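>>> fold the following and give me the result.
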Amino acid sequence: MRKLTFAVAVLATFAGASLASAAPGAPMGVAAPETVTTVQLTRMERRMMMERRMERRMMRRQMERRMMRREMRRDMMRRM
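Numbers count the residues shown, from 1 in each chain. Here you go, the predicted model:
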């Protein structure tokens, strides 16, 4: 029984290795660019990013305030 499971494991390993080696790579002639060029944001894009960041901060602060209020109410109820 051990030999059978060992043989199945060895076959599965070889099958997995052959499938991995047969996987297609990058097409011929296509290579990653050697240099990365930076693109400057437009005023509108920068403004949108800033507005989104402010919105996230506002949402986070609101959530923190709600949590603090819940905690304070819970503590007051425990004292009663």
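
>>> and the helix or strand containing M59, what's its mean pLDDT?
Secondary-structure element containing M59, defined by DSSP states H and E: helix 43-79. For helix 43-79, mean pLDDT rounds to 95.

>>> and that helix, what does it pack onto?
Other helices and strands packing on helix 43-79, by 3 or more C-beta pairs under 8 Å, 6 or more residues apart in numbering; DSSP states H and E, are absent; none qualifies. Backbone N, C-alpha and C define where each C-beta goes, glycine included.

>>> stretch 5-12 - what's its average pLDDT?
Averaged over stretch 5-12, pLDDT sits at 69.

>>> burial measure for M68, as a count.
The local packing of M68 (other C-beta atoms under 10 Å) involves 10 other residues.

>>> so how far is E55 from it?
Taken as C-beta to C-beta, to the nearest Å, the spacing of M68 relative to E55 amounts to 21 Å.

>>> quick check, pLDDT for G25.
At G25 the predicted local confidence, pLDDT, stands at 57.

>>> hmm, I was thinking of G29
Predicted confidence (pLDDT) at G29: the value is 60.

>>> same check, this time on the one 3 residues further on
The confidence metric pLDDT takes the value 65 at A32.

>>> what does the one 4 residues further on give?
As predicted, V36 sits at a pLDDT of 74.

>>> so it is in which element?
For V36, there is no host helix or strand (DSSP H and E).

>>> look up phi and psi at it.
Torsion angles at V36 (phi, psi; degrees, to the nearest 10) stand at phi -110, psi 130.

>>> show me what contacts it?
V36 is in contact with no residue at all, counting by C-beta atoms under 8 Å, 6 or more residues apart in numbering.
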